[in-house]
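Novice: Provide a 3D model corresponding to the input given below.
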Amino acid sequence: MQYIIHKSNSRGSADYGWLKTNYSFSFAEYMNPDRMGFGALRVLNDDIIAGGKGFGAHPHNNMEIITVALSGGLEHKDNMGNVSVSKAGDVQVMSAGSGVFHSEFNAHPDTDLTLLQIWVIPNKMNVLPRYEHRYFDIQSKVNTWHQIIKPIDSQEEGIGIYQEAWFQRAMLERDKRLEYNLKNSQNSIYLFVISGQIIIGNNIELKTRDAVGIGNIDEKISILANEKADILLMEIPIL
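Specialist: You can find the predicted model right below:
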């Protein structure tokens, strides 16, 4: 197996006052030719949005846009008529397809909103735009995977996207181990540590907001929690 380690302090960052963000891959004013994505995973932004602030109506097309709410409330509105507020544990997916306008704001005036925004390059272009929002109670059952994203045509648990990709989130207790087998043997994995500390592979230690890309996977992935950890595993094609 091959490992590409991305430590949290190696990410791009920006402070716009109302928005503080870290970019795992090139985005907006952050441009790094060595960080143009990881296979079909194009964007992983780690955002803190101030109370009442956000992104006004703007367009997207031909991108699978996944938002994982970590704390606070995210108000989403789009020109398809969808209005929702995402809280911790919620995941929203917007298949931008042939084109969509949407806005995203912190629903609370006095508290910060934290979230991960993830873009995945789709395997089908110019589809009819769609939106889905769902709560996943990942804390109700620890030391196991909770599948939050799946391919659009799959009957498995999770929200569908137009890509041969699966996302898993898990809460691990200290000294607990979790294993993962690829759904598609041709895929790779990008694993992001939301919080805590884990060991993966040949004693690779990852802490809060560290990440690792894993390719040429020929066996199951084993993850050991050095302390209580919240992890997001993204199985994606290498384009």
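Novice: now the lengthiest strand in the chain: buried residues?
Specialist: Assignment by DSSP state E gives strand 221-236 as the longest strand of the chain. Residues of strand 221-236 classed as buried by neighbour count (16 or more other Cβ atoms under 10 Å): Ile221, Ile223, Leu224, Ala225, Ala229, Asp230, Ile231, Leu232, Leu233, Met234, Glu235, Ile236. (Glycine included, C-beta is placed from N, CA and C.)
Novice: domain ranges for the chain?
Specialist: 11-135, 146-236 (automatic domain parsing).
Novice: could I get the pLDDT score of Asn202?
Specialist: The score at Asn202 is 80. That number is its pLDDT.
Novice: apologies, that question was intended for Asn79.
Specialist: For Asn79, pLDDT reads 97.
Novice: so it makes contact with Phe101?
Specialist: Yes - counting by Cβ atoms under 8 Å, Asn79 touches Phe101, with 4.4 Å between them.
Novice: quick one: common contacting residues for the two?
Specialist: Taking Cβ atoms under 8 Å, 6 or more residues apart in numbering as the contact rule, Asn79 and Phe101 both touch Ala57.
Novice: can you list the low-confidence ranges for the protein?
Specialist: Under the criterion pLDDT under 70, no range of the chain is flagged.
Novice: what sits up against stretch 180-191?
Specialist: 38-39, 41, 44, 145, 164-166, 168, 200, 206, 211-217, 220-221, 223, 231-238.
Novice: pull out the buried members of those.
Specialist: Buried, going by 16+ other Cβ under 10 Å: 38-39, 41, 44, 145, 164-166, 168, 200, 206, 211-214, 217, 221, 223, 231-237, out of these.
Novice: what about the closest residue to Gly12 other than its chain neighbours, neighbour count?
Specialist: Sequence neighbours aside, Tyr30 is the residue nearest to Gly12 in space, at 3.2 Å (criterion: Cβ to Cβ, 6 or more residues apart in numbering). Counted with other Cβ atoms under 10 Å, residues neighbouring Tyr30 total 17.
Novice: surely Tyr30 meets Ser24?
Specialist: No - counting by Cβ under 8 Å, Tyr30 does not reach Ser24; the two are 9.8 Å apart.
Novice: for stretch 136-148, buried residues please.
Specialist: Phe136, Ile138, Trp145, His146, Gln147, Ile148.
Novice: partners of the fifth one in the sheet?
Specialist: In this entry, Gln147 is beta-bridged to Gln168, by DSSP bridges.
Novice: secondary structure class for Asn9?
Specialist: Three-state assignment for Asn9 (DSSP: H, G, I helix; E, B strand; the rest coil): helix.
Novice: distance of it relative to Arg209?
Specialist: 9 Å (Cβ to Cβ, to the nearest Å).
Novice: got it, and Val85?
Specialist: 25 Å.
Novice: same deal with Ala229?
Specialist: For Ala229 relative to Arg209 (Cβ to Cβ), the value is 12 Å.
Novice: what's opposite the closest residue in space to Arg42 that isn't next to it in sequence in the beta bridge?
Specialist: What sits nearest to Arg42 in space, not counting adjacent residues and going by Cβ to Cβ, 6+ apart, is Trp119, at 4.6 Å. Trp119 forms beta bridges with Val43, Ile65, as assigned by DSSP bridges.
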